[in-house]
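# Just the structure for this:
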Amino acid sequence: MDITWYGQACFRLRDRNVSVVADPYDKTTGLKLPRLIADIITVSHQHDDHNFVEGVKGEPFVISGPGEYEIKGLFITGVAMWHDDTGGALRGRNTIYLYEFADATVCHLGDLGHVPSQSQVEELGNVDVLLVPVGGQYTLDAAKAAEVVSLIEPSIVIPMHYALPDLAYKLDPLEVFLKEMGVKESERRESLSVTNRQMPEETKVLILESRAG
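Here you go, the predicted structure:
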């Protein structure tokens, strides 16, 4: 299966059988969402930079909250979290999603704004690839994102939701998170392809280039 990032929290996750778009954004972000086609859309919360389902073509099944789903052979679990560290008082709810592909289990944290409890982490189980917001301001900052990584212990970490040249929002730069993680030389790719759960033995931070239009 392969993973492509389109800026903010928008990813396409795809294998031979099914294509998922997570958190598509509208033009208020300052970014241009490319033409995407999907079988499934997941929405972490109802903000315009995460819920632009109209921007994705096809006839996708839209998931926008907690629960267990099976679509086209793909198991997806939505877990209720918060968009802030005050139990949702500031920004409301946030759903994180687990996608159980044959080649990898991917966890998309959406706009997570707090460090999950130990019981919440245990609920997630084993995560191969973690998509984690690191830009602060509206989500986890670099230090808390690093703490979440250490709790979940994924094989691969892909940071998201950080400053980009055309982004209309002020977010912290990626470099703050890399420093927090102790990463001196980061590996960058246009996309990530995973085959037969071939994963590094130790947690690895991988940077995907934004494919925003």
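# which parts of the longest helix belonging to the chain are buried?
For the chain, the helix that runs over the most residues, judged by DSSP state H, is helix 142-152. For helix 142-152, a neighbour-count test (16 or more other CB atoms under 10 Å) marks 142, 144-146, 148-149, 152 as buried. For the C-beta atoms, the positions are set from N, CA and C on the backbone; glycine is no exception.
# what packs against it?
If you count contacts as 3 or more CB pairs under 8 Å, 6 or more residues apart in numbering; DSSP states H and E, helix 142-152 packs onto helix 118-124, strand 129-133, helix 174-180.
# Show residues contacting it.
107, 109, 112, 114-116, 118, 121, 124, 127, 130, 132-134, 136, 140, 157, 159, 172, 176-177, 179-181, 203 (CB atoms under 8 Å, 6 or more residues apart in numbering).
# ok, now stretch 8-19?
Here stretch 8-19 makes contact (CB under 8 Å, 6+ apart) with 1-6, 20-25, 29, 31, 33, 36-40, 44, 49-50, 71-74, 99, 101-103, 106, 108, 110-111, 131, 133, 160-161, 167.
# Okay, now it: how far is its last residue from its first?
End-to-end span of stretch 8-19 (CA to CA, to the nearest Å): 19 Å.
# Buried ones in the helix or strand bottoming out on mean pLDDT in the chain, by neighbour count?
Using mean pLDDT, DSSP states H and E, the weakest-scoring helix or strand in the chain turns out to be helix 118-124, at a mean of 88. Residues 120, 124 are the ones in helix 118-124 that count as buried (16+ other CB under 10 Å).
# re the thing from before, now flag whichever of the buried residues of helix 142-152 is closest to residue 55.
Of all those, residue 55 sits closest to residue 145, with 26.6 Å by CB to CB.
# mind showing which ranges of the chain have poor pLDDT?
Across the chain, the ranges flagged by pLDDT under 70 are 88-90, 92.
# Tell me the spacing between residue 127 and residue 111.
Here residue 127 is placed at a distance of 18 Å from residue 111 (CB to CB, to the nearest Å).
# These two - which one has more neighbours?
Neighbour tally, residue 127 and residue 111, criterion other CB atoms under 10 Å: the higher count belongs to residue 111, 28 against 19.
# Check the contact between the more buried one and residue 47; I expect there is one.
Yes - Residue 111 lies in contact with residue 47 (CB atoms under 8 Å); the separation is 7.3 Å.
# picking up where we left off before, want to throw the helices and strands packed on helix 142-152 into a markdown table with distance to residue 67?
Converted to a markdown table, the helices and strands packed on helix 142-152 look like this (distance: least, CB to CB, whole Å):
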| stretch | distance to residue 67 |
| --- | --- |
| helix 118-124 | 13 |
| strand 129-133 | 19 |
| helix 174-180 | 30 |
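# can you tell which of those is closest to residue 187?
Of the helices and strands packed on helix 142-152, nearest to residue 187 by CB to CB is helix 174-180, at 11.2 Å.
# Using CSV, write out every CA atom in that closest one.
Output in CSV follows, covering the C-alpha atoms of helix 174-180 (Å, rounded to 0.1, in the frame of the first residue of the first chain):
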residue,chain,number,x,y,z
LEU,A,174,8.8,21.0,10.9
GLU,A,175,12.3,21.6,12.2
VAL,A,176,11.1,22.1,15.7
PHE,A,177,9.6,18.6,15.8
LEU,A,178,12.7,17.0,14.2
LYS,A,179,14.9,18.6,16.8
GLU,A,180,12.5,17.3,19.6
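# Having no further points to raise, I will conclude here.
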